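> here you go, sequence then predicted model.
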Amino acid sequence: MSQLVLDKLKERFTTAIVETHSQHGDDTAVVDPPQWKAICEFLRRDPELDFDLPVDLCGVDYPDRVPRMEVVMHLYSISRGHRIRLKARVGDEDMAGADLDSVTSIWPGMNWLEREVFDMSGVRFRGHPDLRRILMYPEFEGHPLQRTYAADRTQPLVPYRTEAEAGMPIHKLEPFGPDEGMPFGRVRSPRPEDD
Amino acid sequence: MEPLDMELEEGELELPAEPMHLNMGPSHPAMHGTVRIVLELSGETMVKADVQIGYLHRGFEKMCERGTWAQVFPYVDRLNYVSPMLNNVGYALAVEKLCGLVVPDRCQWYRMALGELARISDHLTCDGAMAMELGAFTPFLWFVKAREMVWDILEEETGARLTHSFGRIGGMANPPTQDFKGLCRAALPKIVDLVEEGERMLLKNRIFIDRLENVGAISGADAVGLGWTGPCLRATGVAYDIRKAHPYLKYDEVDFDVPVGTKGDTLDRFLVRLGEIRQSKRIIEQSIDRMADDGPINCDAPSVILPEKTAVYTTIEATIQHFKLIMEGAKIPAGEVYSYTEGGNGELGYYLVSDGSGTPYRVRIRPPCFQITGGLSKLLEGRMLSDIVPTFGSLNMIGGECDH
């Protein structure tokens, strides 16, 4: 990775770059959501940056924070060999205002990625040519990768009639609720700290 | 359709046409996975192709947020189930990057050898299945026979043929067996012989070539814009291989070439994969030559590595350590990381967010064939219906990976 990208971004978009860091060598810039598309356009068009490969786009949900949803984009430049991670934080507690401008016109490969983030995390992309669900079916309610979506919730397209048909209890009982797994290994569960 | 009620002169018959809608898949004998393509046909030409995925969605990313970091390994096996070892190694490297761990040299060579074996199996499956879908059944059997040899070695090493769950944070589940090097040296020439035999049968076959050449072609710039990586991108002539561009493990210390195509058509993708099988053989040979016969395979990092079994049974400290690592999970330092390796289909990335606990806060996989499949409709539009089979086969869409 190179510091050059972050320096150029800070020089060009002074206030729109909220914060930057380079943890583990991954250069990261948190940007102001309204400037999302302009910054992407700059990263793609500037000959010294030339980010031509849309690597990844995903949403990370922090339900305790406002804005709640962090949209994370990874880009790579084949000619220059550098990478950048771009983040925008959008949406309040109820995911209202979780909108971003679509960058499909800059990288056609973002088409499916934006559909996936919409489907899984519930971020809407303005100006996307075809914003439908991609992994889940159209009748699906909610966005499974939001942390408020209970992990044990099922929404079968053809409803289960009996527990035998479901192959499991239709409503799981304690302790096999949403916290199934290793609840005491988590940070958030109340647990006396040993010194 | 409008009735033909007008008067027609002979020789000027023009049938009124309207596009026909055709559903292909999600379960179709000529398709290479559970994917549905909604086609709009004009005659036999595809006007519009809408590729719909998600039929194999199993909530991988959601499941990872519930167990420990180590419990993710069995899940990543099931993402790309034709080269699970590459996924195991990719995930292990991502968590190690987050912890700042570097595994011992012996383990690095071992991971490379196992990973390249998995790559051979991946490419053999893709090329073999593609030939079979075009009616060439025998080369498929040849390639599967070669793949069987790869799987025999992996079974000997890991105990499982397909879903190995062999990677560990900071090392591997077991050190290489005594016979590992011997098995590789015996099997690799046979695998290449079988590949050459299959190649001789296919590449002199006029019908096979005609169905692949200039079908599903894409330019390098278009492929990059779509986010393509791996053999499909290299077939267009863009020599982007992470093993060369950003070497990880010991890839910078071995000699190998990156096969590239010129036209980016289906034939090029087929040939690039065959070329990579030969390069993988070279990498494995160099790796096993340079891998030490003894020495540690795991990092000296008690915070993530399980203690010796004998110590667990005889000392209280090791018992407690084992208990804490299993029940609470290894505590991974808080932070975020994006780690990328060259998977069977291209850039296999893991974006991990840790809150410092024993459970991942977010595991995001960047599956290479998601974006490759995203470009499929562009390859198909304007082509004949029968071109779906070779084009789709050559992209090597793996349902488990593409649908998360």
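It's in. Numbering: from 1, shown residues only, chains lettered A, B, ... in the order given.

> gap between the nearest residue to B:Leu376 once chain neighbours are set aside and B:Leu162?
Counting by C-beta to C-beta, 6 or more residues apart in numbering or on different chains, B:Leu376 lies nearest to B:Val51, which is 5.0 Å off, once chain neighbours are set aside. (C-beta placed from N, C-alpha, C; glycine too.) In this view, B:Val51 and B:Leu162 are 27 Å apart by C-beta to C-beta, to the nearest Å.

> quick one, which of these two is more surrounded?
Remark: of B:Val51 and B:Leu162, B:Val51 carries more neighbours, 22 against 14, as counted by other C-beta atoms under 10 Å in any protein chain shown.

> residues touching the residue most central in space within chain A, list them.
Against the mean C-alpha coordinate of chain A, by C-alpha atoms, centre = their mean, the closest residue is A:Gly59 at 0.9 Å. A:Gly59 makes contacts with A:Met69, A:Glu70, A:Val71, A:Val72, A:Val117, A:Met120, A:Ser121, A:Gly122, A:Val123, A:Leu145, as judged by C-beta atoms under 8 Å, 6 or more residues apart in numbering or on different chains.

> burial check on the closest residue to it other than its chain neighbours, number of neighbours?
Computed as C-beta to C-beta, 6+ apart, the closest residue to A:Gly59 that is not its neighbour in sequence is A:Ser121, at 3.0 Å. Applying other C-beta under 10 Å, we find 25 residues neighbouring A:Ser121.

> which residues sit in contact with the residue in chain A positioned nearest to chain B?
Distances between chain A and chain B by C-beta to the nearest C-beta are smallest at A:Gly109, namely 3.1 Å. By C-beta under 8 Å, 6+ apart, the residues touching A:Gly109 are A:Pro54, B:Gly225, B:Leu226, B:Gly227, B:Trp228, B:Gln371, B:Gly374, B:Gly375.

> mind redoing it with 7 Å?
By C-beta atoms under 7 Å, 6 or more residues apart in numbering or on different chains, the contact list for A:Gly109 reads A:Pro54, B:Gly225, B:Leu226, B:Gly227, B:Gln371, B:Gly374.

> list the ones among those that fall in helices.
The helices, defined by DSSP state H, take in B:Gly225, B:Gln371, B:Gly374 from those.

> residue numbers of the stretch 301-404 of chain B in contact with chain A?
Applying C-beta under 7 Å from any C-beta of the partner chain, we find that the stretch 301-404 of chain B lies next to chain A at B:327-329, B:335-338, B:347, B:349, B:351, B:353, B:355-359, B:362, B:364, B:366, B:370-371, B:374, B:403-404.

> can you pull out the helices in chain A?
Secondary structure of chain A (DSSP H): helices at A:3-12, A:36-45, A:110-121, A:163-166.

> pick the most buried one from those.
Across those, averaging neighbours per residue (mean count of other C-beta atoms under 10 Å in any protein chain shown) puts helix A:110-121 on top, at a mean of 24.

> quick one: that helix to helix A:36-45, angle?
140 degrees (axes from the mean of the first three to the mean of the last three C-alpha atoms, to 10 degrees).

> CA-only coordinates of helix A:110-121, as CSV, when you get a sec.
Provided in CSV are the C-alpha atoms of helix A:110-121 (Å, rounded to 0.1, in the frame of the first residue of the first chain):
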residue,chain,number,x,y,z
MET,A,110,-20.1,-2.6,-8.5
ASN,A,111,-23.6,-3.5,-9.8
TRP,A,112,-23.8,-6.9,-8.1
LEU,A,113,-21.9,-5.7,-5.1
GLU,A,114,-24.3,-2.9,-4.4
ARG,A,115,-27.2,-5.2,-4.9
GLU,A,116,-25.6,-7.5,-2.3
VAL,A,117,-25.0,-4.7,0.2
PHE,A,118,-28.6,-3.6,-0.3
ASP,A,119,-29.9,-7.2,0.2
MET,A,120,-27.7,-8.1,3.1
SER,A,121,-27.3,-4.8,5.0
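
> just the ones in helices from the residues of the stretch 301-404 of chain B next to chain A, please.
Counting by DSSP H, the part of those found in helices is B:Met327, B:Phe370, B:Gln371, B:Gly374.

> next, B:Leu271: phi, psi?
With angles defined as degrees, to the nearest 10, B:Leu271 sits at phi -70, psi -40.

> for it, give its distance to B:Ala235.
As judged by C-beta to C-beta, B:Leu271 and B:Ala235 stand 8 Å apart.

> any common contacting residues for these two?
Joint contacts of B:Leu271 and B:Ala235 (C-beta under 7 Å, 6+ apart) are B:Gly261.

> between these two, which one's more packed in?
Applying other C-beta under 10 Å to B:Leu271 and B:Ala235 shows that B:Ala235 carries more neighbours, namely 30 against 21.

> contact partners for that one?
Counting by C-beta under 7 Å, 6+ apart, the residues that B:Ala235 touches are B:Gly261, B:Gly264, B:Asp268, B:Arg269, B:Val272.

> could you do B:Tyr340 as well?
B:Ile242, B:Glu347, B:Leu348, B:Gly349.

> just the ones in strands from those, please.
Using DSSP state E, B:Glu347, B:Leu348, B:Gly349 are the members of these that sit in strands.

> you'd agree B:Gly128 is up against B:Ala146?
No - counting by C-beta atoms under 7 Å, B:Gly128 does not reach B:Ala146; the two are 8.6 Å apart.

> flag the shaky bits of chain A, pLDDT-wise.
Regions of chain A meeting the criterion pLDDT under 70 cover residues A:1-2, A:168-195.

> would you map the strands across chain A?
Ranges of strands in chain A, per DSSP E, are A:17-21, A:28-31, A:53-61, A:69-76, A:83-90, A:99-101, A:124-126.
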